[in-house]
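**Q** Sequence plus predicted model, see below.
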Amino acid sequence: MAIGTVLPGEEGLLIAAASPIVPQQGSDLKLPSGPPAILVFAKLLDQDFLARLADDLGIEGPSYAAPSTATSDEFTRIQLEGPTGEAVGAIAWRPWHPGLSQLKWLIPALLGSLAVFWLFTRIVLRSIRRATTAIRRSEARFRDIAEASSDWIWETDRDLNLTYVSEHFGRATGLIPSDVLGRPLHRVLQRRDATEAQERNGGIGVAASFRDILCLLHTDGRETRTLRVAGKPVLDPKRNLIGYRGTATDITAEVEAQRQLQFFARHDPLTGLPNRMVLLSRLEETLVRGRRDHQTAAMLCLDLDRFKAVNDGFGHAAGDQVLVGCAERLRGCIRDTDLVARLGGDEFAVLQVGVTRIEDVHALCERILAVMAQPFRLDGTEAVVGASVGVAMIPADGDQAARILQKADIALYRAKAEGRNRARLFEAWMDERQRRRRDLETALRHALTAGQLEIHYQPQVSIESTALIGVEALLRWRHPDRGPIAPAEFIPVAEETGLIVPIGDWVLRAACRVAARWPQLTVSVNVSPTQFRERDLVWSVEKALAAAHLPPERLEIEITEGVLIQNTAEALRTLTQLKQVGIKIAMDDFGTGYSSLSYLQKFPFDKIKIDRSFVASLCEENSSIIRAIVNLGHSLGMHTCAEGVETKEQLWLLRREGCEQAQGYLFGAAMDADMVDLLMPAAVAGPRSPRLRAVG
Ligand code: C2E
Ligand code: MG
Ligand code: MG
C-alpha cells in the first residue's frame, strides 16, 4: 500500500510515499518474518522541479501556494492534497493564452490590412462605379450620335446577317429596322457596279476591314439611295471573328451633284444638248471608224439666222425659249446614232454618222431647214428664226476633227453669205475664199499706217428744198495690188478683228477735220458695234470735235441695230452720253432688222435712215412701207432720210410721202472731199443758194 503526503516547506513541497514491501500474491518469494520492510519515497518539489515542470508543460511561472492563499483570477492552480484529502497547498501558474502575444502585433497588422482592404475595395468600387457611369455615358453618347448622325450604324453576325441597325436607319429609309434584321447585309445594301464575286459577299473580304463601298438601297418609297459603307470585323477576346460592325453614309445628294457636274461638264445647261467637248470626241471616234471601216459621216454646222433680233426684241427669256425649242426640233430630225450638240450662242452642230449617199445628207439638211423655218410663238406673236447650215463630209473633207469643223464652218459662212436659210456643202473654192479673208485681215492691218485708207463723202439733200444739207463719210480702201476693196468686204473683217476701233477713230477725226471746211453741212460717220463697245467712244468723239473745232451739232453718228443688240442698256447709256455732248444720232438701214421698231421707242434718235431695199422697191403702187416709216418718224419727232435714191420717180414719191431727206446715186455717189468742195454752192447758204443739179 502506498501512502503519500505532501509536506509544505519553504523551498517547495515535499512529497512522500511509503509502502510495506510484500511479495505479490502467488509469488514464491519468502520474506523474512518480522515487521515488513517499509519503502519510503520522498520527492522534493523545489524550484528546480517547478522550472522543469514549466518547461515540460509549457506553463509560465509555476509556484507553490499555501492552501489558504487566494490567487488572483489570472492564475490557475492545482490543489495538492494530502493522503486524507486535505489541501496541503497548490501549484499555481499563470495559464498560457496561446496567440495572445501574437495578437499584440497581429491586430495592428490586421487592422492595417483591413484598412488597406477597405481602401482597395473603395477604390475598386469607385472604379467600377466610374466605369459603369462611363459606359452608361458612352452608350448614351453613342445613342445620341447614332441618332443625330446622318449616318446609320449596323452590325452583323459572322455570316454578314444584320443583327443591329441604328434607329436612324428607319427614319432615313422609311423601312422598319426589324424587317431587315437577319437579312444579309449585301442583300439590303446592294453593291453598285459589283462584279459577280463581289455580288456574293458584297465585296467584303473575310475578316478584313472595308470602306468606301458604294451601295444602293431601295427605300420603301421605291426610291434608290446611294450609300457609302464602311465596316470592320468584330473579334472576341480569343480573336475569333464574331461579326462585322460599321456605318453607312447616305451620299445620294453628293452622287447626284457629281452626276450633274459631270453632266454639265459635257452638256449645255440650257438645252441639255451635248457640248462642243462631246462633239469633238464623237467626231474623233467617227474619224477613227471612218479610217477603219471606210464609213462616211457628215458634219453639219448650224447657225440661227435671226436669233439676235429675237433675243433682243423679245428679251432673253424668249431667246432661251427659242434655243430650247430649236434643240428639241433638231433632236427630232436625227436618228439615235447621230449627235446634235450646242456649240454656244445660236450655233448648233449635227453629226450624221453612217451616211452612204449624199442624198441622205441633203435630206437631213432639208428636214432641219424646214423645222427651223417653223415660227415660234413668243409673247402672243410669231417669230421666225430660221437657220443656215454648212456641211463637211468625213472622210472626204479631212481626217482631223478641227479641219472638219473648220470646213463645215466655211460652208456655213457661205450659206449665210448667199442669203441665209439654206444649206451648203463645203467645196474647195470656199476654202480659197476663207484664205483670201485671212489675207485681207493681214493687209488691213497695214492699210491704215500705209495710208491706203481714205474717206469719201456722199451727199445728203433736203427733199423739200433740194439743198445739200450733209454728207455721209464712207470709208474707201485702195489696195496697191488689188485695187479698191469694197467696205462690205473689209468692214466685217475689221469688225471681227477689232481693227475697226483704230480705223473708226481715224475716220472720226479725219471726217471732223474735213467737215470743218463746210460750215453749212452735217457730216455723218458710221460707227460699228465693236467701236460702241469700247468704253472711250464718247471721249474719242469729244477729242475729234475739239481737234477739228467742229460744233457738235454738225456731227452725226449712224448706228445700226447691231449696236443695240449686244448689251442694250450699256449701248443706250453711251448714246445718251453722246447726245449730251450735243451730236446727232441716226438709226441706219432702218427696217432690215427684226426689232428696229422697239429700238426707236427706247432712244430718241434724231434721224431714221430708211434702208435702200425699201427705196428700191418703191413705186406708185407700193409706197405704204415708206409712208408708215415716215409717219412713225414724225410721230416720234424724228427726221427721215431715204437711202439709195437712184431715180427721180423715187424722189417724187418720197416727197409725196413726206420724207425729208434723201441720199443716193441720183445726187451723187461717195466722192472725195475736193469734189464736195465743188458742190458747196449747192449747200444750204440762204434763200438764193443753188440746188443740186440732179434734183433740178
Ligand atoms: P451704209 O452706211 O448704209 O452706207 C450706204 C451704202 O450705200 C454705201 O456703200 C453707199 O456707197 C451705198 N449707196 C449709196 N447710194 C446708193 C445708191 O443709190 N444705190 C446703191 N445701190 N448703193 C448706194 P458702201 O460705201 O459700200 O458702204 C457699205 C457699208 O459699209 C455702209 O453702209 C456702212 O455700213 C459701212 N461703212 C462704210 N464706211 C464705214 C466706216 O467708216 N465705218 C463703219 N463702221 N462702217 C462703214
Ligand atoms: Mg451709213
Ligand atoms: Mg445705210
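**A** Cool, got the structure. Ligands and ions are numbered 1, 2, ... in the order given.

**Q** May I have the phi/psi pair for the nearest residue to Ile500 once chain neighbours are set aside?
**A** Counting by CB to CB, 6 or more residues apart in numbering, Ile500 lies nearest to Ala494, which is 4.1 Å off, once chain neighbours are set aside. The C-beta positions use only the backbone N, C-alpha and C, and glycine is treated the same way. Main-chain dihedrals, Ala494, degrees, to the nearest 10: phi -60, psi -40.

**Q** Distance of Glu495 relative to Pro529?
**A** 7 Å (CB to CB, to the nearest Å).

**Q** ugh, typo on my part, it should be Ala569
**A** Where Pro529 is concerned, Ala569 sits at a distance of 15 Å (CB to CB).

**Q** These two: who's more crowded?
**A** Pro529 (18 against 8; other CB atoms under 10 Å).

**Q** helices and strands of the protein: which one bottoms out on pLDDT?
**A** Sorting the helices and strands of the chain by mean pLDDT, DSSP states H and E puts strand 3-8 at the bottom, at a mean of 50.

**Q** Heading C-terminal from that one, find the next helix or strand.
**A** Next in sequence after strand 3-8, counting helices and strands by DSSP states H and E, comes strand 13-20.

**Q** Is there a neighbour count for the residue in the stretch 251-400 of the chain that ligand 3 sits nearest to? I'd like the number.
**A** Nearest to ligand 3 in the stretch 251-400 of the chain, going by CB to the ion, is Ala309, at a distance of 17.1 Å. By other CB under 10 Å, the residues close to Ala309 number 22.

**Q** That one is in contact with Glu561, isn't it?
**A** Yes. Ala309 lies in contact with Glu561 (CB atoms under 8 Å); the separation is 7.5 Å.

**Q** still on that earlier bit, which ones are touching the residue nearest to Ile500?
**A** Leu444, Ile500, Ile503, Ser528 (CB atoms under 8 Å, 6 or more residues apart in numbering).

**Q** Need the pLDDT of it.
**A** What the model reports as pLDDT for Ala494 is 91.

**Q** before we move on, back to that, so which of the contacts of Ala494 are also by ligand 1?
**A** Among the contacts of Ala494, the ones lying near ligand 1 by CB under 6 Å from any ligand atom are Ile500, Ser528.

**Q** Need the contacts of Ala494 in CSV (columns: neighbour count and secondary structure).
**A** Listed next are the contacts of Ala494 as CSV, based on neighbours: other CB atoms under 10 Å; DSSP: H, G, I helix; E, B strand; the rest coil:
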residue, neighbour count, secondary structure
Leu444, 22, helix
Ile500, 25, helix
Ile503, 22, helix
Ser528, 19, coil
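
**Q** between the contacts of Ala494, which is nearest Met680?
**A** Ile503 (27.3 Å; CB to CB).

**Q** Can you pull the residues of the stretch 551-696 of the chain lying near ligand 2?
**A** Proximity of the stretch 551-696 of the chain to ligand 2 (CB under 5 Å from the ion) is limited to residues Glu558, Asp588.

**Q** Which parts of the stretch 551-696 of the chain are strands?
**A** With DSSP state E, counting those that start in this stretch, the ranges of strands along the stretch 551-696 of the chain come out as 555-559, 584-590, 607-610, 639-642, 661-662.

**Q** Throw the ones you listed into a markdown table and include mean pLDDT, mean neighbour count and distance to Ser113, thanks.
**A** As requested, the strands of the stretch 551-696 of the chain are exported to a markdown table (pLDDT from 0 to 100; neighbours: other CB atoms under 10 Å; distance: least, CB to CB, whole Å):
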| stretch | mean pLDDT | mean neighbour count | distance to Ser113 |
| --- | --- | --- | --- |
| strand 555-559 | 97 | 23 | 111 |
| strand 584-590 | 95 | 22 | 113 |
| strand 607-610 | 96 | 26 | 119 |
| strand 639-642 | 97 | 25 | 123 |
| strand 661-662 | 97 | 24 | 127 |
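
**Q** out of these, which comes closest to ligand 3?
**A** Across the strands of the stretch 551-696 of the chain, closest to ligand 3 is strand 584-590 (CB to the ion), at 4.3 Å.

**Q** Name the helix or strand for the closest residue to ligand 2 within the stretch 251-400 of the chain, please.
**A** Using CB to the ion, the closest approach of the stretch 251-400 of the chain to ligand 2 is made by Ala309 at 19.0 Å. Using DSSP H and E, Ala309 sits within helix 307-314.

**Q** so which residue of the stretch 1-150 of the chain comes closest to ligand 3?
**A** Ser150 (66.3 Å).

**Q** so who does the nearest residue to that residue once chain neighbours are set aside touch?
**A** If the residues on either side of it in the chain are set aside, Ser150 comes closest to Asp250, at 6.3 Å by CB to CB, 6+ apart. By CB under 8 Å, 6+ apart, the contact set of Asp250 is Ser150, Asp151, Ala172, Arg225, Thr226, Leu227.

**Q** any idea how far Asp250 is from Arg445?
**A** For Asp250 relative to Arg445 (CB to CB), the value is 61 Å.

**Q** in the stretch 201-350 of the chain, which segments are predicted with low confidence?
**A** Filtered on pLDDT under 70, the stretch 201-350 of the chain yields the residue ranges 201-206, 221.

**Q** where do the strands sit along it?
**A** Using DSSP E, counting those that start in this stretch, strands in the stretch 201-350 of the chain cover 210-218, 224-235, 241-250, 297-304, 339-344, 347-353.

**Q** can you pull the buried residues of the longest one?
**A** Judged by neighbour count using 16 or more other CB atoms under 10 Å, the buried positions of strand 224-235 are Arg225, Thr226, Leu227, Arg228, Val229, Gly231, Pro233, Val234.

**Q** ok, and what's touching it?
**A** 154-155, 172-173, 189, 192, 204, 207-219, 241-252, 255.

**Q** sorry, back to before: just the strands of the stretch 201-350 of the chain: most buried one?
**A** Each of the strands of the stretch 201-350 of the chain was scored by mean neighbour count; the highest is strand 297-304, a mean of 26, by mean count of other CB atoms under 10 Å.

**Q** and that one, how far from the chain's centre?
**A** 32 Å (CA atoms, centre = their mean, to the nearest Å).

**Q** ok, now stretch 401-416?
**A** 35 Å.

**Q** my guess is Arg276 meets Gly345, correct?
**A** No. Counting by CB under 8 Å, Arg276 stays clear of Gly345, with 11.5 Å between them.

**Q** Compare those two (neighbour count), which wins?
**A** Arg276 (17 against 12).

**Q** Which residues are in contact with that one?
**A** Arg276 touches Ala341, Leu343, Gly344, Ala349, counting by CB under 8 Å, 6+ apart.

**Q** quick one: which of those is nearest to His97?
**A** Looking across the contacts of Arg276 and measuring by CB to CB, the closest to His97 is Ala341, at 114.1 Å.

**Q** Next one: the nearest residue to the closest one once chain neighbours are set aside from ligand 1, what distance?
**A** Leaving aside its chain neighbours, Ala341 sits nearest to Leu279 (4.0 Å; criterion: CB to CB, 6+ apart). Leu279 sits 34 Å away from ligand 1, going by CB to the nearest ligand atom, to the nearest Å.

**Q** And for Leu279, the neighbour number?
**A** 23.

**Q** Contacts only, for it.
**A** Leu339, Ala341, Leu343, Ala349, Leu351.

**Q** Tell me the bridge partners for the second one.
**A** Here Ala341 shows beta-bridge partners Ala349, assigned using DSSP bridges.

**Q** In this structure it contacts Pro274, no?
**A** Yes. Contact criterion CB under 8 Å: Ala341 and Pro274 qualify, at 4.5 Å.

**Q** Between those two, which contacts overlap?
**A** Common neighbours of Ala341 and Pro274 (CB under 8 Å, 6+ apart) are Asp268.

**Q** Output the set of residues of the stretch 551-696 of the chain in proximity to ligand 3.
**A** Asp588, Asp589, Glu643.
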